[in-house]
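> got a predicted structure plus its sequence, pasted below:
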2 protein chains.
Amino acid sequence: MRVVVTGAAGFVGRALVAALARDHEVIALDRNCKELEGPGIQAVEGDFGHPKVLARAFSRGCDAVAHLATIPGGAAEQDPREAFRVNVTATAELVEAARSSGGIRFVFASSIAVLGDPLPPLVEDATPLRPRMVYGAHKAMVEQWLATMSRRGALEALSLRLPGIVARPLAPSGMKSAFISNLFHAARAKEPFVCPVSAGATMWLMSRARAVDNFVHGLMMPFGEVGDPYAVTLPAVRVSMAELAGEVARQAGADPSFVRYERDPMLEAGFGRQPPLVTPAAGQLGFANDGSLEALVGAALAGIAQMEVVR
Amino acid sequence: MRVVVTGAAGFVGRALVAALARDHEVIALDRNCKELEGPGIQAVEGDFGHPKVLARAFSRGCDAVAHLATIPGGAAEQDPREAFRVNVTATAELVEAARSSGGIRFVFASSIAVLGDPLPPLVEDATPLRPRMVYGAHKAMVEQWLATMSRRGALEALSLRLPGIVARPLAPSGMKSAFISNLFHAARAKEPFVCPVSAGATMWLMSRARAVDNFVHGLMMPFGEVGDPYAVTLPAVRVSMAELAGEVARQAGADPSFVRYERDPMLEAGFGRQPPLVTPAAGQLGFANDGSLEALVGAALAGIAQMEVVR
């Protein structure tokens, strides 16, 4: 099958493109993604909301779309109007292009940011969406639009709410949660790390490899059991910062005391107060977390090693 | 206080402008609304999402915005992309203009279309939003965006979900529910009426006068008690089509048998299966319905007579 992937040159995008290209034809769409071209991968460069770019990406039709391109949390707070243009308006153009090009399955990279903060003592499938960040509101709006498309039978649209994905590259990502990934890099480099949340901060995390598995599953699974509102919070491994730092140090061979905690109240509130999470809807559909803290950290560190080989 | 009203020349808009102008300064914004100018009323003509039009409307700042302009249900189904531009993208521009011009209160004309269809056996404040119509999805998306603004303290934004408003003029409105208003016109003209829903169809209705009262209340009320998600389904009078036709005939002096029922399954599903409705959140904030079928029909017929005097 032919799959259009937006944000193809991003952190999750390039791994998803590689995974899909093993068995499928991939149209990789991003502003700069020529380097991704290869067997089974055609690159289309440009802004995914631009009519001409969309026309090129969908010129031969497609079977599915994975929509990962976004202006993320921190960057969206800096420029809410540009973020609205990309995250909402351009996304609606993409949805229309997908619909009219026969793209039946549409898997959308939503975010736990739709839940907002402060979170209730337990987050479950029925927890109402109360985004506080611009980014979270945009994701919730697109979830609503896609759910309407699914209800109408116009698309098989499914929104996957991603937790924090580790470990991103050190490069600026526009993400407020980048500090979580930076912990991994510091441990590997045997450098001290100043952590902007407390040792007791709790976070929902997933490795990039697991996120890719979940996207591939979302693109290929039967759609019949997906229920309204056609959006699921993905299962995540919930860890405290102290637990995470300890396991990262152990696996990376760093001194267990490499982390010093200097709590930033805003980051603590936004990313360090994630309560127990139960996600039966996603579980029943076959989505999974990394299984354990050990496996999560192992996959995250393997991912960094792999990125270094590629570069 | 100074209030910007969009959709000022519309059915509800012109009555709201007139009501507000008794005690407040009104900036009436619509594509054609010069005729509305008068004591306390300044007309600004143009597309409400256009930067220059917004600059003119908000040039002297404002205290509140009532946002009524929209591409309604039937018209949105005909041209979903133009509807998205107006109902979502341009609305976001308006919200930004309001926020940056000091417009604190922002009352948004949402719709029961956010609830979708088929509806559950009872609709209450916690009923999830599952829009099926393009228009309902747009309204739900804007509700989400405005709620985020309220959560952040950027605006005191409140979405009012309007039921069917009666009795609209006979002119084409782009509304699928226009048949409900047409019943009133037929009774007054002593003409037979072919009703596209069954005698047992049930509908949530409100007179224009009551809708205006609710908008004025939303613009002026203390905001402290408004809770997340900053959106309320307004109380409505729930009637069957047979009850409504009987009361309209009685008050308009028409033959009680002036209605013939020729059920259109689509309209019946979309507008004729409205179950019992309980709206404690709106009630506690002081919003009200017309009180009785008799009062609703009386207000609707008085509204038609008033429109005829004006024209």
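Thanks, I have the structure now.

> quick one: contacts for the most centrally placed residue in chain A?
By C-alpha atoms, centre = their mean, chain A has its centre lying nearest to A:Leu162, at 4.7 Å. Contacts for A:Leu162 (C-beta atoms under 8 Å, 6 or more residues apart in numbering or on different chains) come out as A:Ala109, A:Ser110, A:Ser111, A:Ile112, A:Met206, A:Ala211, A:Leu234. Where C-beta positions appear, they are placed from N, C-alpha and C, glycine not excepted.

> just the pLDDT at it, thanks.
At A:Leu162, the predicted lDDT confidence score is 98.

> which SS class is A:Ser110?
strand (DSSP: H, G, I helix; E, B strand; the rest coil).

> before we move on, which element is the nearest residue to it once chain neighbours are set aside in?
With C-beta to C-beta, 6 or more residues apart in numbering or on different chains as the measure, A:Ser159 is the residue that lies nearest to A:Ser110, at 4.2 Å, once sequence neighbours are left out. In this structure, A:Ser159 sits in strand A:156-162 according to DSSP states H and E.

> can you point out the buried residues in that strand?
A:Glu156, A:Ala157, A:Leu158, A:Ser159, A:Leu160, A:Arg161, A:Leu162 (16 or more other C-beta atoms under 10 Å in any protein chain shown).

> if I pick the fifth one, what's in contact with it?
Spelled out, it's A:Leu160. Counting by C-beta under 8 Å, 6+ apart, A:Leu160 has contacts A:Val107, A:Phe108, A:Ala109, A:Ser110, A:Asn214, A:Phe215, A:Gly218, A:Ala231, A:Val232, A:Leu234, A:Ala282, A:Phe287.

> OK, contacts around the closest residue to the third one other than its chain neighbours?
Looking back up the chat, that one is A:Ala109. Among residues not flanking A:Ala109 along the chain, A:Leu68 sits closest, at 4.6 Å (C-beta to C-beta, 6+ apart). A:Leu68 makes contact with A:Val5, A:Thr6, A:Gly7, A:Ala8, A:Gly10, A:Val12, A:Gly13, A:Leu16, A:Ala109, according to C-beta under 8 Å, 6+ apart.

> phi and psi next, for the closest residue in space to the fifth one that isn't next to it in sequence.
By that I understand A:Gly10. Nearest non-adjacent residue to A:Gly10, counting by C-beta to C-beta, 6+ apart: A:Leu68, 6.0 Å away. Here is the backbone geometry of A:Leu68 (degrees, to the nearest 10): phi -110, psi -20.

> ok, now how distant is A:Leu68 from chain B?
21 Å (C-beta to the nearest C-beta, to the nearest Å).

> mind checking how far that residue is from A:Ala8?
Distance, A:Leu68 to A:Ala8, using C-beta to C-beta, to the nearest Å: 8 Å.

> for A:Tyr261, give me its contacts.
A:Cys195, A:Val197, A:Ser198, A:Ala199, A:Met241.

> what helix or strand is the closest residue in space to the fourth one that isn't next to it in sequence located in?
If you skip the residues right next to it in sequence, A:Ala199 has A:Ala242 as its closest partner in space, 4.0 Å away by C-beta to C-beta, 6+ apart. Under the criterion of DSSP H and E, A:Ala242 resides in helix A:241-252.

> so for that helix, what's the average pLDDT?
pLDDT averaged over helix A:241-252 gives 97.

> retrieve the pLDDT associated with the residue of the stretch 151-300 of chain A found nearest chain B.
With C-beta to the nearest C-beta, the shortest gap between the stretch 151-300 of chain A and chain B falls at A:Arg151, namely 5.1 Å. On the pLDDT scale, A:Arg151 is placed at 96.

> torsion angles phi and psi at A:Met307?
Main-chain dihedrals, A:Met307, degrees, to the nearest 10: phi -60, psi -40.

> apologies, that question was intended for A:Ala211.
phi -60, psi -40.

> quick check: A:Leu205 touching A:Ala236?
Yes. A:Leu205 lies in contact with A:Ala236 (C-beta atoms under 8 Å); the separation is 5.9 Å.

> show me where the stretch 151-300 of chain A has its strands.
Using DSSP state E, counting those that start in this stretch, the strands of the stretch 151-300 of chain A run over A:156-162, A:164-166, A:193-195, A:202-207, A:231-233, A:237-240, A:259-261.

> got TSV for those, with distance to A:Pro39 too?
Compiled in TSV, those are given as follows (distance: least, C-beta to C-beta, whole Å):
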stretch	distance to A:Pro39
strand A:156-162	27
strand A:164-166	26
strand A:193-195	40
strand A:202-207	26
strand A:231-233	32
strand A:237-240	34
strand A:259-261	42
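
> looking at those, which is closest to B:Gly291?
strand A:231-233 (39.4 Å; C-beta to C-beta).

> what lies in contact with that closest one?
A:110, A:112, A:115, A:123, A:125, A:143, A:146-147, A:158-161, A:277, A:279, A:281-282, A:285, A:287.
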